[in-house]
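Asks: Sequence below, structure please.
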Amino acid sequence: MAVVIGVGFLAACGVAWRRALRGRDAVAGRVCVEMVATSTFDPGEGEVRRWSQHLGRVSYAAGGVPARGRAARLRYSAEHGRMHCYLEGPSYAQAVLTMPGFAEVEIRSGGSRSEVRPVRFSVPAPRRSRS
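Replies: Purely as a prediction, here's the structure:
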């Protein structure tokens, strides 16, 4: 009995270690884009709702990335009296992050456009009919 418990404990430790490494790698490989709004930027409720749904796609585009590194994050900073807004997310979702969400907001990415890979969503399995 003690051997089974010991093996189970070692297996659980191995799984936790592997998960921690995957989470660390996912957070280290995140992409950051800057969102620059025009002076006349004033979004309506519908536009904000559409953009929030757009941000929800980041998690789906990340696929097998652990939850810790899958989320989209907004970061704000002020440099020389100017406020900057950054959108940060997993590198797998870079194509979704660089898509413009608002009409009067420009997206500036640090990398080149050739580094942006298309997002591929998995196709759900067809449902069986209950006949």
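
Asks: what secondary structure does the residue nearest to the spatial centre of the chain sit in?
Replies: Closest to where the C-alpha atoms of the chain average out (CA atoms, centre = their mean) is Gly89, at 3.6 Å. Of the three states, Gly89 takes strand according to DSSP: H, G, I helix; E, B strand; the rest coil.

Asks: That one contacts Arg73, correct?
Replies: Yes - counting by CB atoms under 8 Å, Gly89 touches Arg73, with 7.2 Å between them. In this view, the C-beta of every residue, glycine as well, is placed from N, C-alpha and C.

Asks: and the longest helix for this structure?
Replies: The longest helix of the chain (DSSP state H) is helix 2-28.

Asks: From the chain's centre, how far out is that helix? Work that out for me.
Replies: 24 Å (CA atoms, centre = their mean, to the nearest Å).

Asks: what's that helix packed up against?
Replies: Applying 3 or more CB pairs under 8 Å, 6 or more residues apart in numbering; DSSP states H and E, one finds that helix 2-28 contacts helix 67-70.

Asks: Pairing partners for the helix or strand just after the helix it packs on, with directions?
Replies: Per DSSP states H and E, the first helix or strand lying C-terminal to helix 67-70 is strand 73-79. Strand 73-79 sits in its sheet next to strand 82-90 (antiparallel), going by DSSP bridges.

Asks: Can I get the strand it pairs with in PDB? Just the C-alpha atoms.
Replies: Extracted C-alpha coordinates of strand 82-90, given in PDB (Å, rounded to 0.1, in the frame of the first residue of the first chain):
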ATOM      1  CA  ARG A  82       1.600  60.600 -22.300                       C
ATOM      2  CA  MET A  83      -0.500  57.600 -21.400                       C
ATOM      3  CA  HIS A  84       0.000  54.300 -23.300                       C
ATOM      4  CA  CYS A  85      -2.300  51.400 -23.600                       C
ATOM      5  CA  TYR A  86      -0.900  47.900 -24.300                       C
ATOM      6  CA  LEU A  87      -2.800  44.700 -25.000                       C
ATOM      7  CA  GLU A  88      -0.800  41.600 -24.000                       C
ATOM      8  CA  GLY A  89      -1.600  38.000 -24.800                       C
ATOM      9  CA  PRO A  90      -0.100  34.600 -25.800                       C
END
